[in-house]
Every structure is written in C-alpha cells, then in structure tokens.
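Asks: Sequence unavailable; structure follows:
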Ligand SMILES: Nc1ncnc2c1ncn2[C@@H]1O[C@H](COP(=O)(O)OP(=O)(O)OP(=O)(O)O)[C@@H](O)[C@H]1O
Ligand SMILES: [Mg+2]
C-alpha cells in the first residue's frame, strides 16, 4: 500500500485551473522527486496535502486514511510535515520558541519550561549536526540556517511523510550533502520524503522515483535509475532544452568599480576591480562574506573601513538611495520572501517600485505606461501570471523571483549586484536568465553574481572571486573556473592564489 495516494486532484483559483485531475503516488521510505517548471502546480499540490488549501475535487489518502476536511491539523495528525518553499518562521521569536510554537513544554504550573525546550533543541541540533544557538533571534540567522531550522522543525514533529519544497535554495554544497545524509538516515528508519527541487544533480543524488507535472497536469512517474536529466527536463518543459555553451568572450571597457581594503560586518580587507561589461561570479561557503559585501556595496550595511570607487567617484556614507541614484547600482538581495517581495501589493506595483524610489519627485504614476513596461518584462522573462493586478504572493515561487528581476531591469542601473538571483527558477528559465545576463553585459552593464551554485558561475563569469572566512581567498580567471577548483578554494583546502 502506498504511503500517499492522491487521485484526480483538481484545484482552481479564481476560475483558473492550476491542477487538473492530478494523480500522485508515493511509496513508503522512498525519496520521491516532484518535478515541473515554475508554476506547474507542485507547491499547490503539496499545499493540498499539507492542509493549507482545500482541493476542488479528487481524493487524498495517507497510509490508507482518507483526508477529508483538509486542515493543517488533520494533515499533521496523519503524519505529514511540510517544509515550505517560502520559509515560515517568526523572525521576532527565538530559535527554540519557533521550534516549539504551539507545542510548548510547560511546567505543571502551566508556565513555559524554557530550560527543557532549550535542552531539547540542543539535542535535536546535535543529532542533525546543525550549529545554531537555540537562544538566537531568528531574524539574526543566515538564510541557510533558517532553512535548516525549518527542516529540524519538520524532523522534530516525528512525521512519517516529510515534504521538502525546495529546501536547498540557500544551502551550500556541503550543507546539501549534510542534509542528504540526514534524509538517508531517516529513510532507513522508514520515513518517506517528497522532494521538490530545480537542481537536477540533487534529484539524481537523493531521489528514488520521480513524478513530473506540467501546466497542472500529471505527465509521468518512474524510477530515477531509468531516466536521465535530459529526459526529465524535456518532460517538464515539453520540448528539448538546449544546453549549448552560452558564454562568449567580450571586449571589456574601463574599470568602473573598485574596492580597496573594504571591511564590514562579515567581511575584511576586500580589494578587487571590475571593468565595464564584465561579469564577476562571487562564491564561497554560506556565511563566507560575499553576501555581506554585496549588502554594504548597496548601502544596506555600513563599511567599517576601506573605500569603494564607482565610475571614478569615491563613495562615502553610502545609503541605498545614493547607491541607486548616484552610483547607478541595482541589487537583487538574497531571500526574496524577506528582502524583496511586498506581499500585499500587486505584481505591477512590485515591479515598478524601485523605479519610483529613483524618481520620487514625480507626483503621478502613469499606469498605462507602467503596464506597457510590465508587459515588456513579462515577455522577456516569461512571467506566468493572470493579470498584473494580482497580488504577488499568488504567483509561484519562481515567478515571484522573475518579478524581482523585472524590478531591477526597470531601474536601468549600470552595475547589477545579484545575490542568489536564480533562487527557485526552473531549469529552462535559468538558461534564459543566464543568456539575459550575458546580453546585459554586451550592452555595457557590469554584473556581480553571488551564488552557491558553481555551475552558474561556469556558465557566465569572466572571473570568479572566491571568499573564505570573510576574505577574498582567490580570484580565478575564466579558464580556471570549474567546480572542483572553486570548491577547493572555497573550503580553504588549497592556499590562496590570485590566478
Ligand atoms: N493563492 C493563490 N491564488 C491564485 N493563484 C495561485 C495561488 N497559489 C498558486 N496559484 C497559481 O497556481 C499555479 C501553480 O503554482 P505553484 O506555486 O503550485 O507552482 P510551483 O510548481 O510550485 O512553481 P515554482 O517552481 O515556481 O515554485 C501558478 O500559476 C500560481 O500563480
Ligand atoms: Mg513552488
């Protein structure tokens, strides 16, 4: 008997069908990859299983028990735990408070037994090999730590079926390996996993079987050992995706950005130069400083030392407005839910907001013009929406990310700081975004991409700056950029070298 059997499940939002008679079956103690393009319906199907959304029709059985009046409670009782794609933590609470929310350990006097909760948290983290202080405030955690905390929460619920909806978007290679070893251990104990990811190598490392959805329809299910990444991609997209080399060497202009001995929270003594039209990949293990550096370069956090020169002008007391207006810098921050998406606003408003930060003196917003521009970006980024007036959270994760990209393109910045820009973007669309990055550089834009995915850097970067413990460990030229070399430097396994 399968652990999970979803049959003929349909769901529509405001008359738009997003799941059309989907069948989905998962066997006990397997890792089942649920695959599909952005907007295919993966999260929606899991939200129905997790009791977040009610289905319109169809049946859901967990361990032979039919889930009727879908509610999160009913689902949890049936042994389902859900690690959401958009993290679901309370930033204002402490780590252990998040873990025990709604199931607090109490003294007989009905007061909170914090000591017991902290001890349990420590024990759980130790078992998982996670290094997080239970008393830390969640707001102060790195995104990768938040992701691990979410996973720990699901594991703590002693669920028999765990849904991991894109759990690795902020984890580095070694953290992913660590997560996978935890998953394998639990699998041996009979726990079943549904694993959603746009990263093919991960799918082929961890999953036993797969199911592909396309446009809300079931396409195929089978064993991972009987398929190839190419076949799965074709099934998801509905046509062959070319993996042709997209990089091309380009003429580069004058130095437009120079960092000299820059220091700040999380990074120290950073120096490098970037030329007009250049694409620089930044990487390092999570917390290695590249993300912090980008934030300081955009005026989010202060530099404590050193200098940053942009277009020949030394920038002092940088703030976001100055970065955008004077230095013509644009940024996509990491962690879209917390740093980018304005959840109660429309797609259109989410897209044009940066532009209007720049032109704050203008009293009117010309809706017609804005909609025309929105439609332009919708086309080049292939955004799947129903109307530009829908609120942004009604879009799938990957499509929300595309809105944030559109917001950046709309500012007409000259220097782009992209922190984990393809978070949650599907395989086909990723290729399009790499192409876009190259096209932008050909038009004279200068681009810094911070990513934990080294293949992304291999695809587009002219140079790769590898960070280690807050410092630049090595700068690699394009011909030296490959996964092994970059990892050796990122883990400090080889001595620093400027090649
Ligand atoms: N609350 C909602 N209101 C309206 N439409 C929604 C809502 N939730 C999801 N949808 C729509 O359902 C479709 C499927 O979205 P879903 O989030 O399931 O995609 P996904 O396969 O998880 O994609 P991704 O890989 O980008 O996360 C999308 O077109 C989305 O816009
Ligand atoms: Mg999703």
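Replies: Cool, got the structure. None of these values were measured; they are calculated from a predicted model. Ligands and ions are numbered 1, 2, ... in the order given.

Asks: For the residue most central in space within the chain, which non-adjacent residue is closest in space?
Replies: Central residue of the chain (CA atoms, centre = their mean): residue 423, 3.2 Å from the mean position. Among residues not flanking residue 423 along the chain, residue 169 sits closest, at 4.8 Å (CB to CB, 6 or more residues apart in numbering). Placement of C-beta: from N, CA and C, glycine included.

Asks: ok, and the one you found, which helix or strand is that part of?
Replies: According to DSSP states H and E, residue 169 maps onto no helix or strand at all.

Asks: likewise residue 432?
Replies: helix 427-442.

Asks: Hmm, residue 424 and the residue nearest to residue 423 touching each other?
Replies: Yes. Using CB atoms under 8 Å, residue 169 makes contact with residue 424 at a distance of 5.8 Å.

Asks: so how far is the helix or strand containing residue 417 from its chain's centroid?
Replies: Assigned by DSSP H and E, residue 417 belongs to strand 415-419. Relative to its chain's centre, strand 415-419 lies at 16 Å (CA atoms, centre = their mean, to the nearest Å).

Asks: so after the helix holding residue 432, what's the next helix or strand?
Replies: As the chain continues past helix 427-442, the following element, by DSSP H and E, is strand 446-450.

Asks: Determine whether the claim that residue 234 is in a strand is correct.
Replies: No. Counting by DSSP: H, G, I helix; E, B strand; the rest coil, residue 234 is located in no strand; its state is helix.

Asks: what pLDDT, on average, does the helix holding residue 432 get?
Replies: For helix 427-442, mean pLDDT is 88.

Asks: Kindly report the same for stretch 202-212.
Replies: Stretch 202-212 comes out at a mean pLDDT of 97.

Asks: Can you name the residues in contact with it?
Replies: The contact list for stretch 202-212 (CB atoms under 8 Å, 6 or more residues apart in numbering) reads 24-25, 27, 30-36, 168, 176, 180, 183-184, 195, 197, 218-224, 227, 229, 232, 235-236.

Asks: Next, count neighbours for the closest residue to ligand 2 within the stretch 301-450 of the chain.
Replies: Relative to ligand 2, the nearest point of the stretch 301-450 of the chain is residue 397 (4.4 Å; CB to the ion). Counted with other CB atoms under 10 Å, the neighbours of residue 397 add up to 25.

Asks: Can you report phi and psi for it?
Replies: Dihedral pair for residue 397: phi -50, psi -50, per degrees, to the nearest 10.

Asks: was I right about it contacting residue 197?
Replies: No. If you go by CB under 8 Å, residue 397 and residue 197 don't touch, sitting 11.8 Å apart.

Asks: Could you check the angle the strand holding residue 417 makes with strand 446-450?
Replies: Strand 415-419 and strand 446-450 are oriented at 10 degrees to each other (axes from the mean of the first three to the mean of the last three CA atoms, to 10 degrees).

Asks: what helix or strand is residue 193 on?
Replies: Residue-wise, residue 193 maps onto strand 192-196 under DSSP H and E.

Asks: Contacts made by the helix or strand hosting residue 10 with the rest, please.
Replies: Using DSSP H and E, residue 10 sits within strand 4-13. Strand 4-13 is touched from outside by 17-26, 41, 44-45, 48-49, 53, 55-62, 161, 192, 194, 394, with contacts defined as CB under 8 Å, 6+ apart.

Asks: out of the residues you listed, which are inside strands?
Replies: 17-26, 57-62, 161, 192, 194 (DSSP state E).

Asks: and the host helix or strand of residue 127, what other elements does it pack with?
Replies: Per DSSP H and E: residue 127 is located in helix 114-128. Under the contact definition 3 or more CB pairs under 8 Å, 6 or more residues apart in numbering; DSSP states H and E, helix 114-128 sits against helix 95-99, helix 143-156.

Asks: what sits up against the longest one?
Replies: When you say that, I think you mean helix 143-156. Here helix 143-156 has contacts from 81-84, 87-89, 95, 98-99, 124-125, 128, 130, 132, 138, 141, 162, 164, 167-172, 175, 179, 182, 186, 286-287, 334-335, 338, using CB under 8 Å, 6+ apart.
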